[in-house]
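Participant: With the input below, show me the fold.
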Amino acid sequence: MKAFRWIMLVGLVTVVLVPAAGHARSEASQITSCGQTVTTDAVLTQSLTCTGDGVVVGASGITIDLNGFAIKGDGGSGDYGIDNSAGHDDVTVKQGVLRQFETGVYAANQADHVSVGNVAAVRNENAGLFVVGDFASVRSSTFAANSFDGIEIMGASAAIRSANSAGNRDVGISVVGGSALIQSSGASGNNIGIYVNGDGARVRASKAFANGHTGIWVSGDAAVVSGNRADGNGYANLVSDGLGLGLVADTWTTTAPVGSNVARGNDNPNECVPASLC
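Facilitator: Below is the predicted model of the structure:
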């Protein structure tokens, strides 16, 4: 009964809605159609339904304000809600919904300082957010029901704060790179809730529950994993195999992980590895 109770909680997760649409800022260029390339600060003026990309990033140092609107795709391969495949730096995306693209926000080719705030990326065919680059930042955003990861970042010094990642097929929040921070975030109903691979990781005040495998998994030297809750993980498809941990921190070389956390009702009775973290 314990397993069933936690799995049912997944259905209670609600996508966080962004603020209602406002008026376009006069100093920003206007986004009025699908596939538009923007090279200055730009603001969306209406919701769009697209058969290709939503918005294409054409320059570094710009802000794309979705203005409370939604951009919807048709699930086509290679179509991105926000396409920064050229690798522009210092790009900010904020305040809107991106759904049914291959990836909601896509930034590759070492796109540094990509920032995403108050965005919902849902039901995309791959990831909600995919970034290859350093100093990526995610704040107050929701990533739900994507067919791969909710958040996938490959780069150093990523910072994820107040994010919610629920019902994604693989990992809710995935970061590969040193000095990552995950703070005050949640992951539920994914395969793995939170996964960090890199030295110096900090996972704090976050919650992972009802994920099919592991709640929180940190690999690397000198991790700080503190103030988290990891409950009811490891019951994929309501089946118990005794393997699902609430929290695991492994593969350190010189400095063991530290921190105090709470893990309860997970499929593996050890709850945390090492046990000192619980």
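Participant: what about S77, distance to N126?
Facilitator: Applying C-beta to C-beta, to the nearest Å, the value for S77 to N126 is 9 Å. In this view, the C-beta of every residue, glycine as well, is placed from N, C-alpha and C.
Participant: Mind listing the shared neighbours of the two?
Facilitator: Shared contacts of S77 and N126 (C-beta atoms under 8 Å, 6 or more residues apart in numbering): E102.
Participant: out of these two, which sits in the busier spot?
Facilitator: Set S77 next to N126 and count neighbours by other C-beta atoms under 10 Å: N126 wins out with 20 against 7.
Participant: Isn't that one up against S147?
Facilitator: Yes - contact criterion C-beta atoms under 8 Å: N126 and S147 qualify, at 6.4 Å.
Participant: Keeping just the C-alphas, turn stretch 219-228 into PDB.
Facilitator: Extracted in PDB, the C-alpha atoms of stretch 219-228 (Å, rounded to 0.1, in the frame of the first residue of the first chain):
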ATOM      1  CA  SER A 219      28.300  11.300  -8.500                       C
ATOM      2  CA  GLY A 220      31.600  13.200  -7.900                       C
ATOM      3  CA  ASP A 221      34.000  14.400  -5.300                       C
ATOM      4  CA  ALA A 222      33.200  16.700  -2.400                       C
ATOM      5  CA  ALA A 223      29.400  16.800  -2.800                       C
ATOM      6  CA  VAL A 224      27.100  18.700  -0.300                       C
ATOM      7  CA  VAL A 225      23.700  17.000  -0.200                       C
ATOM      8  CA  SER A 226      21.700  18.600   2.600                       C
ATOM      9  CA  GLY A 227      18.200  19.400   3.700                       C
ATOM     10  CA  ASN A 228      16.500  17.300   1.000                       C
END
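Participant: What average pLDDT does it get?
Facilitator: Average pLDDT, stretch 219-228: 98.
Participant: got the buried residues for it?
Facilitator: By neighbour count on 16 or more other C-beta atoms under 10 Å, the buried set for stretch 219-228 is 219-226, 228.
Participant: Going by distance to A163, which of these wins?
Facilitator: Set against A163, the nearest of those by C-beta to C-beta is N228 (14.0 Å).
Participant: Chain neighbours aside, what residue packs nearest to the closest one?
Facilitator: Distance criterion C-beta to C-beta, 6 or more residues apart in numbering; nearest residue to N228, sequence neighbours excluded, is N261 at 4.5 Å.
Participant: Show the pLDDT at that neighbour.
Facilitator: At N261, pLDDT is 98.
Participant: And V239, by the same measure?
Facilitator: Note on V239: pLDDT of 84.
Participant: From N190, how far off is it?
Facilitator: Separation of V239 from N190 (C-beta to C-beta): 16 Å.
Participant: Which one's more surrounded, these two?
Facilitator: More neighbours surround N190 than the other of V239 and N190, with 32 against 10 (other C-beta under 10 Å).
Participant: want to throw the buried residues of stretch 219-228 into CSV with distance to V203 and secondary structure?
Facilitator: Formatted as CSV, those follow (distance: C-beta to C-beta, whole Å; DSSP: H, G, I helix; E, B strand; the rest coil):
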residue, distance to V203, secondary structure
S219, 12, strand
G220, 11, coil
D221, 14, coil
A222, 13, coil
A223, 7, coil
V224, 7, strand
V225, 5, strand
S226, 8, strand
N228, 6, coil
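Participant: Let's have the residues you listed in a markdown table, adding distance to H213.
Facilitator: A markdown table is the format used below for the buried residues of stretch 219-228 (distance: C-beta to C-beta, whole Å):
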| residue | distance to H213 |
| --- | --- |
| S219 | 14 |
| G220 | 19 |
| D221 | 23 |
| A222 | 25 |
| A223 | 19 |
| V224 | 23 |
| V225 | 17 |
| S226 | 22 |
| N228 | 16 |
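Participant: Between those residues, which sits nearest T45?
Facilitator: N228 (40.9 Å).
Participant: Now do the contacts for that closest one.
Facilitator: N228 makes contact with 203-208, 216, 247, 259, 261-262 under the criterion C-beta under 8 Å, 6+ apart.
Participant: Buried subset of those residues as a ChimeraX selection?
Facilitator: Buried members of the contacts of N228, defined by 16+ other C-beta under 10 Å, are picked up in ChimeraX with:
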select :203,204,206,207,208,216,247,259,261
